[in-house]
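Participant: Build the 3D model from these lines:
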Amino acid sequence: MKRPLILLVLILLSLAIWTYQNQAAEENIGIVIADKHKGVCWVGSRNPLEGWELDTLVSFGVSHISQTPFGWQGDPNLPEIKWEEHSDKMWWGESLKGMNTTTSIGREKGIESILKPHLWVRGSWPGTISMKTEADWEKWFEQYTAFILYFARFAEENQIPILCIGTELEMTSSREGDWRKVIAEIKSVYKGELVYAANFTEYQQIEFWDALDYIGIQAYFPLSENHNPELNELVSSWEKKSREIEKTVRKFQKPVIFTEIGYCNTEDAAIQPWVWPNERKEIPLSEEVQALCYEAFFQTAWKKDWLAGVYFWKWYPQVRERDPDFTPQNKKAQLVMRSYFSD
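Facilitator: Now for the predicted structure:
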């Protein structure tokens, strides 16, 4: 056999072995979730619920809602955090009383809640929180531990099955030792399951997934560089993102929850999904693009055995007619969600 032919055979054999190994690795992750969370991110209401507000969710096959109480940090570089313990100036649905009632109403209708506390940073977002000195880092983690324990105790008292220990705190999560201490404190008062909601740019760098029950991802992955993308492009992007996620799944052997995912009803929804609606006011509206983004997700990542659930941002107790917006309510994306959630 001539040398070029031998070389070609060896190359083809290597490619076959590589393909087999990768397929086997995907098949042998060993995580299979039977009942996925079919969730939406519930918007806490300003006023008490009347009881009918969750009925539509039942008809759309929703099994879970995430409830979000807030803490407030005035400066991303200063350690002071305030929450309900320090002020009663929050909406009813974000208070302990309101969340207790919402949880009870949901359970009566067959909808479970998870608790997802979130820091609201004035003029910024949680991903910018970073202290300038070790002393301030120590103070910040002390403050944050008190904040999250406040809600961990509430979650335990109300038998809420999953607590999210933090959301998009990208500049803090590299401090692995500090976070492991926070997790230990939480476990001393809360016996349910734990997840951390990592930004999509953050989840691969986190090393404390082994201390949690789920890998949480705020799944605002960019899916296209174009306005009005085609479905096949969005599907291809999701397939690529799914392969990247599987690397972390295999490393830590933990299932994934998409703690948030969402798309605006605009032509550019797939380019930078995380961009707020008020920054898209000059962009033409498109229910079609929003619905295609939902469809691409359901055709790909939703089918993965390692995906334990998804929470779509966001769902109002009463429909709000505001454009643009992330909510699928009364839009074509709602029909896509119902189709897969009711399957």
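
Participant: And the lowest mean pLDDT element among the helices and strands of the chain?
Facilitator: In the chain, the helix or strand scored least confidently by mean pLDDT, DSSP states H and E is helix 3-27, which has a mean of 50.

Participant: Which stretches in the chain count as helices?
Facilitator: With DSSP state H as the criterion, the chain has helices at 3-27, 55-59, 96-108, 134-157, 176-189, 231-252, 287-299, 332-341.

Participant: any chance of those in a markdown table, plus mean neighbour count?
Facilitator: Every residue, glycine included, has its C-beta placed from N, CA and C. Formatted as a markdown table, the helices of the chain follow (neighbours: other CB atoms under 10 Å):
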| stretch | mean neighbour count |
| --- | --- |
| helix 3-27 | 10 |
| helix 55-59 | 14 |
| helix 96-108 | 17 |
| helix 134-157 | 18 |
| helix 176-189 | 15 |
| helix 231-252 | 16 |
| helix 287-299 | 23 |
| helix 332-341 | 19 |
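
Participant: for these, which one sits closest to residue 128?
Facilitator: When the helices of the chain are compared by CB to CB, helix 134-157 sits nearest residue 128, at 12.9 Å.

Participant: Send over that closest one as CSV, restricted to the C-alpha atoms.
Facilitator: What follows is helix 134-157, C-alpha atoms only, in CSV (Å, rounded to 0.1, in the frame of the first residue of the first chain):
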residue,chain,number,x,y,z
GLU,A,134,-10.3,42.5,50.9
ALA,A,135,-12.0,44.2,53.8
ASP,A,136,-14.9,45.3,51.6
TRP,A,137,-15.1,41.8,50.1
GLU,A,138,-15.4,40.4,53.6
LYS,A,139,-18.2,42.9,54.5
TRP,A,140,-20.0,42.2,51.2
PHE,A,141,-20.1,38.4,51.8
GLU,A,142,-21.3,39.0,55.4
GLN,A,143,-24.1,41.2,54.0
TYR,A,144,-24.9,38.8,51.2
THR,A,145,-25.0,35.8,53.6
ALA,A,146,-27.5,37.6,55.8
PHE,A,147,-29.6,38.5,52.7
ILE,A,148,-29.7,35.0,51.3
LEU,A,149,-30.3,33.3,54.7
TYR,A,150,-33.3,35.6,55.2
PHE,A,151,-34.9,34.0,52.1
ALA,A,152,-33.5,30.5,52.7
ARG,A,153,-35.4,30.4,56.0
PHE,A,154,-38.5,31.5,54.2
ALA,A,155,-38.0,28.8,51.6
GLU,A,156,-37.5,26.1,54.3
GLU,A,157,-40.6,27.2,56.2
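
Participant: Please list the outside residues in contact with it.
Facilitator: With CB atoms under 8 Å, 6 or more residues apart in numbering as the test, helix 134-157 has contacts from 69, 71, 77-81, 83-85, 96, 99-100, 115, 117, 119, 129, 131, 160, 163, 165-166, 172, 175, 178, 181-182, 185-186, 189-192.

Participant: Can you flag the buried ones in those residues?
Facilitator: In the contacts of helix 134-157, burial by neighbour count holds for 69, 71, 79, 81, 83-84, 96, 99-100, 115, 117, 119, 129, 131, 160, 163, 165-166, 172, 175, 178, 182, 185-186, 190, 192, counting by 16 or more other CB atoms under 10 Å.

Participant: Quick one: closest of the helices of the chain to residue 196.
Facilitator: Checking the helices of the chain against residue 196 by CB to CB gives helix 176-189 as the closest, at 8.1 Å.

Participant: what's the angle between that closest one and helix 134-157?
Facilitator: Here helix 176-189 runs at an angle of 30 degrees relative to helix 134-157 (axes from the mean of the first three to the mean of the last three CA atoms, to 10 degrees).

Participant: helices or strands up against helix 176-189?
Facilitator: Using 3 or more CB pairs under 8 Å, 6 or more residues apart in numbering; DSSP states H and E, the elements in contact with helix 176-189 are helix 134-157, strand 162-167, strand 193-199.

Participant: To residue 56, which of these lies closest?
Facilitator: Judging those by CB to CB, what sits closest to residue 56 is strand 162-167, at 23.0 Å.

Participant: same for the closest one, what does it pack against?
Facilitator: So strand 162-167, by 3+ CB pairs under 8 Å, 6+ apart, packs with strand 112-115, helix 134-157, helix 176-189, strand 193-199, strand 214-218, strand 256-261.

Participant: All good on my end, thank you.
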